[in-house]
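Asks: sequence-free structure coming up:
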Ligand code: KG4
Ligand code: ZN
């Protein structure tokens, strides 16, 4: 039965009001019955009463002076509207029930009011029932204009931040070779953090061996999480939510963090927030710079990724370009391995990228080309010079470096595995080529954003993060570009560029604040080794075919 017109003062007792029921103005609307599916009542109404089971999505996304929802299962977005009085009664008021709207009175009654219930300013808030999960009332009188906050936990389990003035999120990272955990509050204050890096082991085995990484995560995750919790003085029952990287990354590594987290949230009845690792890298900087508003441009460069995107919201990205083959960190790690840099006394415990940065400081990036008799020549070609898009490629570049190394080994009469005398010059030239490639693609991305008005007009910003972003030479190259184009360059401190639990917890805080992507603890979640970030507009960028104006990358080296 489909009812598309319900007039003023209408009572509708039915068993299925599928979609768009009652999308009209009404001074009084009463919907009775089971299964009031989608967008029921998306209209202005001075009084709205929904009774029954399963008022599925978007029920009541309209302004209403009085809204009463009775029944079981009001899943998502129920009542995401301004309302002067909102009453939700029933079991299982799932996500974002009553999220993000101003309301003068909000009453939530029932069992299982999951996530983000009532993350808004309110003058009166009453939460009654069992299992009021996360973020219920996550803006209490300390942070909002709330005048009266009444939290009544009748029955059992008034979880998370209900009845407390703080949101507390535990973040867990295990997507690659770092096991990280941290506890943050809603302001981004780090209450506890712990990290176990596997770098040393992987350097010995000549690269990450996935089952080895998995075992190391298993060996350390309990301790790392416990350390972060102990430091924070927060018990699992006090947490508002647990946020964990579930994509993208190495399957075996992601699986350890996910399994651990699901056990934890189920044991303590906490909401779970699955995190996209690259989203977390992109947003970390907002923890340190609360004045940084969307939109902004991000360059994320790590051992697994290279991408340029416009961050328009917490989970709203436009992908402008990405690596077509290797990531820059991966290329630098492989080059470092081919150069046997672990044999260098100062590099034995450094990642490939770190070792190359250190040695490059002592090298001359032009020396190899000059020795070959060409003073102007670059030792290595900057990749994709003729392609006017914002994608990256590092595989061909790595091949060039390998060929150069083979040539030098022959010249010096040494075998593979011996440290070359010109190792610092090779490091300097390789680092410069990576910096130049990143800078050029970023330059084009900025010009593209300018042409489409994609950045904030007042203070357009470029955020650079990911492990490779800790490289000072690369930062300097990017600074030349931002200076020439009028952007401010923002790089998190090195410890927040590489993988850590803090960035995951912060992403959890950002999502919790907006009531986005929170899951009930009993939901089945899978990890995803590959996961794109945002809406892919790389083809549009390519079609724009923006020619770069000349720009000298004068970097002190
Ligand atoms: O973000 P991250 O910790 O892990 C991934 O998600 O991949 O990045 C690790 C990568 C490694 O490839 C490492 O060699 C590189 O970041 N890296 C650097 C520097 N420090 C770490 N690359 C260049 N310069 C550095 N100082
Ligand atoms: Zn990373």
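Replies: That came in fine, so what should we check first? Since the structure is predicted, the reported quantities are computational estimates derived from the model, not experimental observations. Ligands and ions are numbered 1, 2, ... in the order given.
Asks: Pull out the buried residues from stretch 346-361.
Replies: By neighbour count with 16 or more other CB atoms under 10 Å, stretch 346-361 contains the buried residues 347, 350, 351, 352, 353, 354, 355, 356, 357, 358, 359, 360. All C-beta atoms are positioned from the backbone trio N, CA, C, and that covers glycine.
Asks: With stretch 201-218 instead?
Replies: For stretch 201-218, by 16+ other CB under 10 Å, it's 202, 203, 208, 212, 213, 214, 216, 217, 218.
Asks: which residues touch the fourth one?
Replies: Put plainly, it is residue 212. When contacts are counted by CB atoms under 8 Å, 6 or more residues apart in numbering, residue 212 touches 198, 201, 202, 205.
Asks: that's a helix at it, yeah?
Replies: Yes. Membership of residue 212 in a helix is supported by DSSP: H, G, I helix; E, B strand; the rest coil.
Asks: I'd like the distance between it and residue 280.
Replies: 24 Å (CB to CB, to the nearest Å).
Asks: can you check the second one too?
Replies: Distance of residue 203 to residue 280, given as CB to CB: 25 Å.
Asks: between the buried residues of stretch 346-361, which is closest to ligand 1?
Replies: Checking the buried residues of stretch 346-361 against ligand 1 by CB to the nearest ligand atom gives residue 353 as the nearest, at 1.9 Å.
Asks: Just the residues contacting the strand or helix carrying the closest one, thanks.
Replies: Assigned by DSSP states H and E, residue 353 belongs to helix 352-360. Identification of contacts with helix 352-360 by CB under 8 Å, 6+ apart yields 303, 328-329, 332-337, 341-342, 344, 346-347, 350, 423-424, 427-428, 430-432, 467-468, 470-473, 557.
Asks: Buried residues, the helix or strand just after it. List them.
Replies: Once the chain leaves helix 352-360, the next helix or strand it forms, by DSSP H and E, is helix 367-371. For helix 367-371, the buried set under the neighbour-count rule, 16+ other CB under 10 Å, comprises 367, 368, 369.
Asks: Identify each buried residue in the next helix-or-strand element following helix 367-371, please.
Replies: Downstream of helix 367-371, the next assigned helix or strand under DSSP H and E is helix 395-412. For helix 395-412, burial by neighbour count (16+ other CB under 10 Å) applies to 397, 398, 400, 401, 404, 405, 408.
Asks: Quick check: residues of the chain near ligand 2?
Replies: 302, 499 (CB under 5 Å from the ion).
Asks: What ranges in the chain fall below the confidence cut-off?
Replies: For the chain, residues meeting the criterion pLDDT under 70 lie at 1-165, 372-378, 556-557.
Asks: Spell out which residues of it are next to ligand 1.
Replies: 176, 302-304, 329-330, 332-333, 351-354, 357, 466-468, 470-471, 498-499 (CB under 6 Å from any ligand atom).
Asks: Show only the entries of the contacts of residue 212 found in helices.
Replies: 201, 202, 205 (DSSP state H).
Asks: I'd like the residues you listed written out as CSV, with distance to residue 486 added.
Replies: Shown next, in CSV, are these (distance: CB to CB, whole Å):
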residue, distance to residue 486
201, 45
202, 41
205, 46
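Asks: what's the closest of these to ligand 1?
Replies: residue 202 (10.2 Å).
Asks: Excluding covalently adjacent residues, which one is nearest to the closest one?
Replies: Using CB to CB, 6 or more residues apart in numbering and skipping residues adjacent in sequence, the residue nearest residue 202 is residue 208, 4.8 Å away.
Asks: Could you do residue 210 as well?
Replies: Nearest to residue 210 is residue 252, by CB to CB, 6+ apart, at 4.7 Å.
Asks: Find the helix or strand that the one you found is a member of.
Replies: Using DSSP H and E, residue 252 falls in helix 251-268.
Asks: Tell me the first helix or strand C-terminal of that helix.
Replies: Sequence-wise, the next helix or strand downstream of helix 251-268 (DSSP H and E) is strand 272-276.
Asks: Between helix 251-268 and that following strand, find me the angle.
Replies: If you take axes from the mean of the first three to the mean of the last three CA atoms, to 10 degrees, strand 272-276 sits at 160 degrees to helix 251-268.
Asks: Contacts for strand 272-276, please.
Replies: In contact with strand 272-276 (CB under 8 Å, 6+ apart) are residues 169, 171, 241-248, 261-262, 265, 315, 504, 507-508, 511-512, 517-521, 523, 525, 531, 533.
Asks: Just the buried residues of these.
Replies: 169, 171, 241-248, 261-262, 265, 315, 504, 507-508, 511-512, 517-521, 533.
Asks: Residue 521 and ligand 1, how far apart?
Replies: To ligand 1, residue 521 is 27 Å away according to CB to the nearest ligand atom, to the nearest Å.
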